[in-house]
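Asker: quick one: sequence and predicted model below, then my questions.
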Amino acid sequence: MRQKISPYILFLLWGILSSFVFSQTENKPQAVKGTLDLTNWNFDKNGTTQLNGRWEFYWQKLLTPANFDSGNYKPDYYMNVPYEWVWEEVNMNGKSLSHFGFATYRLNIKFNNSLVVKKTANNYKPNIIGLRVGDIHSAYSLWINNRLYVKDGNVSSSVKDYRTELHAEYVYFPIDTNVISLVVNAANFNDIRESGIDFPILIGSKEQIFKEQYLNGFTCAFSFGILLITAVYHFMLYVIRTKEKTNLYFSGMCFLLAFDSLCVGDKPIFFLFPFLTLEQYFRIWFMTAASMGLAVLFYSAFLPRVFNKTAVRISNLFWIANIVLLVVLPVQTYHKYVTFTFYLVILSIVFIILSILKGVKEKREYSVLVLIGVLIPFSVGINDMLNGIGYLYTGYYLPFAFIIYIVIQSYVISLKFSKSFKQVEDLSHQLEESNIGLEKRINERTEELQTANAELSELNASKDRFFSIISHDLRGPFQAFLGFSEILHNDVDKLNKEDIKSLSGDLHDALKEQFKLLTNLLDWSRLQTNRMPFNPDCNLLYDEVTSVVNQLKFSAINKEISINNTVDRHFEVYADKSMLHLVIRNIISNSIKFTHHGGAIFISAEQRDAISEICIADNGVGMAKEKVDNLFKIGHNISTKGTSKEKGTGLGLILCRDIIEKHNGKIRVESELDEGSKFIFTFPRPPFA
């Protein structure tokens, strides 16, 4: 018996796989005692690297490159970078380092001599190296070889003169010596969570750092645009259908994430809003964490049966309390307790993932797609966090992960919304159909009655014409019978042998025509009432034609008409044998009737796709188009006399049409006056032919 794999086991396997992938990092050079050796590092081949490792650290000192030229300063400590200075277990004069304070960092970087281009008077084209400097909390100045390149905020040893700024800087400088000295003054008097160089400084060629700068800007702008458009789009969907709360929650979540993308990385929010104060920035950034509270509401509304309602209410209370505290308290005070917000975010993520896993286990609709959408940014977030603290060098992909997340979740919402809309549309359509159903049925019944009345009127008219013809055709010969019998009865003694022979011949011809009429009437009646045996089988057409020609040869000989059977001896027709014989006899008999003395009749056949087509042609008197059109209509096919004054009723051709149609065949006539006629009719081909 096949056992199902628990979704919790799948989740564990995903965690192990993620850890394995994250662990695949490249060994990159590390600074040792204030020196980073890049002599064996090829930027074109190996790419960018980070200025990680142990930097010279001078606590409570703001030193410039000129101070180091004297050689009077020795480092207090070799500080790990990127790392907050408060995290290092360092004692200065018997005291641990504080978040608040100021310090100087120094790093010497050794480059390969091939990169060094000495300054000369002519054609000086140095190799340009670039740096990406992230947050250095919470104000800093950066010197490279005695030149001040960056002044972010105002670094000071006093709180009064201290001023902070927070955004990334991109620095480009020439390599004119194989050892470059970086000096960083850092000060922090307001951030109780972060201090010093706690974010990696990236180094690479000019092109690589410029590409990094461009990609970061593009990624941020693209992420912000996508998230904001998605937020507006789903808010409009909510306006259209206010009962669907998932769109409202998802819209709010995307809106907060859009502003979060402006507050991280290069912090472009300061470029968009240069008037923004640091306190306002922190309030906005901390507010974006509430996106996780909206995420709980969104997923609990989307998959209501798998989320514990009590847990959702508790989550709502905590997030509301968190927002109230953020609005009411000063940022410095709120900053002291921001760790609890971090724990709240983690708990929300775990609650969401466990609940969705429950939905996957219970095979809830859309739960697998939702789980994939959640795990992608969660996994990439771990990757970016480990990159941020220097444990990985795989790159930062969270903005792209958020875009994928938004696309997947929007797709799932669209699926659910379209399904709901289709259900409403179907119900509306059913209601509309119900409303018009009665009227439609009345109209259909009225049309049916009108059609039935018209058909009945036509049938009555046809019946009247048919019986008129039959009565005329039956009555006429009986008058001849009475005349002939009266002559024979009254004048038999006066008639000679030749007269008696002539009268008996005429009487025989009249009886023969009458017998033919009665036979056709009987066959037609049996066909209309389904009492005529119908047993289709394979028949050799040549033999059937030959049999009919033999029956009618005396009629043909009397008019000196040649009948030419050109049918292949092996040609087969799938039809009832008796009915096939009846059709061929009636049509050939009709051709003899309307063919002049000395004329000719031709019978041919050929296979066309899935049918057998038979043609009986003569060179007789032919017919006008009006007569051809009415040839198979009862009451309209007025019979005319043949070339030897032969009589008929036209019933034989109607009988032929009905027999052919019973075989799912068709009959048509091609004829012109004085040119003859062609009767072309079809039968199905024999099975497996």
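Answerer: Arrived safely, thanks for sending.

Asker: tell me the mean pLDDT for the helix or strand Asn435 falls within?
Answerer: According to DSSP states H and E, Asn435 maps onto helix 398-491. Averaging pLDDT along helix 398-491 yields 72.

Asker: swap in stretch 325-343?
Answerer: Throughout stretch 325-343, pLDDT has a mean value of 84.

Asker: who touches that stretch?
Answerer: Stretch 325-343 is contacted from outside by Asn190, Asp191, Ile192, Arg193, Glu279, Phe282, Arg283, Phe286, Met287, Ala289, Asn322, using CB atoms under 8 Å, 6 or more residues apart in numbering. For every residue, glycine as well, the C-beta is placed using N, CA and C.

Asker: out of the residues you listed, which sit inside helices?
Answerer: Using DSSP state H, the subset of those located in helices is Glu279, Phe282, Arg283, Phe286, Met287, Asn322.

Asker: show me which of those residues are buried.
Answerer: Neighbour counting by 16 or more other CB atoms under 10 Å classes Phe282, Phe286, Met287, Asn322 among these as buried.

Asker: in those residues, find the pair that's most separated.
Answerer: Greatest spacing in these, by CB to CB: Phe282 and Asn322 (14.1 Å).

Asker: please report phi then psi for Gly620.
Answerer: Here is the backbone geometry of Gly620 (degrees, to the nearest 10): phi -80, psi -150.

Asker: now for it: which residues touch it?
Answerer: If you count contacts by CB under 8 Å, 6+ apart, Gly620 has them with Ser591, Phe594, Thr595, His596, Gly599, Thr643, Gly676, Ser677.

Asker: please name the nearest non-neighbouring residue to it.
Answerer: If the residues on either side of it in the chain are set aside, Gly620 comes closest to Thr595, at 3.7 Å by CB to CB, 6 or more residues apart in numbering.

Asker: go on, Ser348?
Answerer: Of all residues beyond its chain neighbours, the one nearest Ser348 is Met292 (4.2 Å), with distances taken as CB to CB, 6+ apart.

Asker: what about that neighbour, neighbour count?
Answerer: Around Met292 sit 21 other residues, with neighbours defined as other CB atoms under 10 Å.

Asker: Trp41 touches Asn27, doesn't it?
Answerer: No: contact status for Trp41 versus Asn27: not in contact, 11.4 Å apart, counting by CB atoms under 8 Å.

Asker: more neighbours: which of these two?
Answerer: Neighbour comparison, Trp41 and Asn27: the larger count goes to Trp41, with 19 against 6 (by other CB under 10 Å).

Asker: that one and Lys641: what is the separation?
Answerer: When distances are taken as CB to CB, to the nearest Å, Trp41 and Lys641 turn out to be 117 Å apart.

Asker: could you do Leu540 as well?
Answerer: Taken as CB to CB, the span from Leu540 to Lys641 is 35 Å.

Asker: which one of these two has more residues nearby?
Answerer: Set side by side, Leu540 and Lys641 show more neighbours around Leu540, with 15 against 11, by other CB under 10 Å.

Asker: what are the bridge partners for the more buried one, then?
Answerer: Residues found in beta-bridge contact with Leu540 (criterion: DSSP bridges) are Glu572.

Asker: ok, it - contacts?
Answerer: Contact analysis of Leu540 by CB under 8 Å, 6+ apart lists Arg569, His570, Phe571, Glu572.

Asker: between these, which is nearest Val232?
Answerer: Ranking the contacts of Leu540 by separation from Val232, with CB to CB as the measure, puts Glu572 on top at 75.0 Å.

Asker: how near is that closest one to Leu580?
Answerer: In this structure, Glu572 lies at 11 Å from Leu580, with CB to CB as the measure.

Asker: more neighbours, the two?
Answerer: Neighbours around Glu572 and Leu580, counted as other CB under 10 Å, are more numerous at Leu580. The numbers are 24 against 19.

Asker: ok, the more buried one - contacts?
Answerer: Asn539, Glu544, Val573, Phe683.

Asker: what ranges do the helices span in the stretch 551-689 of the chain?
Answerer: With DSSP state H, counting those that start in this stretch as the definition, the stretch 551-689 of the chain shows helices at residue ranges 577-593, 625-629, 651-662.

Asker: of those, which is nearest Ser428?
Answerer: In this view, the helices of the stretch 551-689 of the chain are compared for proximity to Ser428 by CB to CB, and helix 651-662 is the closest at 45.5 Å.

Asker: in the closest one, which residues are buried?
Answerer: Of the residues in helix 651-662, those scored as buried under the neighbour-count criterion (16+ other CB under 10 Å) are Leu651, Gly652, Leu653, Ile654, Leu655, Cys656, Arg657, Asp658, Ile659, Ile660, Lys662.

Asker: quick one: contacts for Glu244?
Answerer: Glu244 makes contact with Leu237, Tyr238, Phe417, Ser420, according to CB under 8 Å, 6+ apart.

Asker: if I look at it, how far off is Lys419?
Answerer: For Glu244, the distance to Lys419 under the criterion CB to CB works out to 12 Å.

Asker: from the contacts of Glu244, list just the buried residues.
Answerer: Leu237, Tyr238, Phe417.

Asker: for the closest residue to Gln409 other than its chain neighbours, grab the count of nearby residues.
Answerer: Taking CB to CB, 6+ apart, and ignoring the residues beside it in sequence, Gln409 has Gly373 as its nearest neighbour in space, at 5.0 Å. One way to gauge burial is a neighbour count; for Gly373, by other CB under 10 Å, it gives 21.

Asker: if we can go back for a sec, list the helices and strands the helix or strand where the residue nearest to Ser348 lies packs on?
Answerer: Element membership of Met292, judged by DSSP H and E, is helix 291-302. Packing partners of helix 291-302 (3 or more CB pairs under 8 Å, 6 or more residues apart in numbering; DSSP states H and E): helix 245-263, helix 309-328, helix 338-361, helix 398-491.

Asker: name the residues that touch the first one?
Answerer: Residues external to helix 245-263 that are found in contact with it (CB under 8 Å, 6+ apart): 220, 223-224, 227-228, 230-235, 237-238, 241, 268-269, 272, 281, 284-285, 287-288, 290-291, 294-295, 297-298, 301-302, 399, 402, 406, 409-410, 413, 416-417.

Asker: stretch 162-169 now?
Answerer: Stretch 162-169 is contacted by residues 132-135, 137-139, 142, 150, 152-156, 187-191, 216, 265-268, 270-271, 278, 281 when judged by CB under 8 Å, 6+ apart.

Asker: one more time with 6 Å
Answerer: By CB atoms under 6 Å, 6 or more residues apart in numbering, the residues outside stretch 162-169 that reach it are 133-135, 138-139, 150, 152-154, 156, 187, 189, 266-267, 270, 278.
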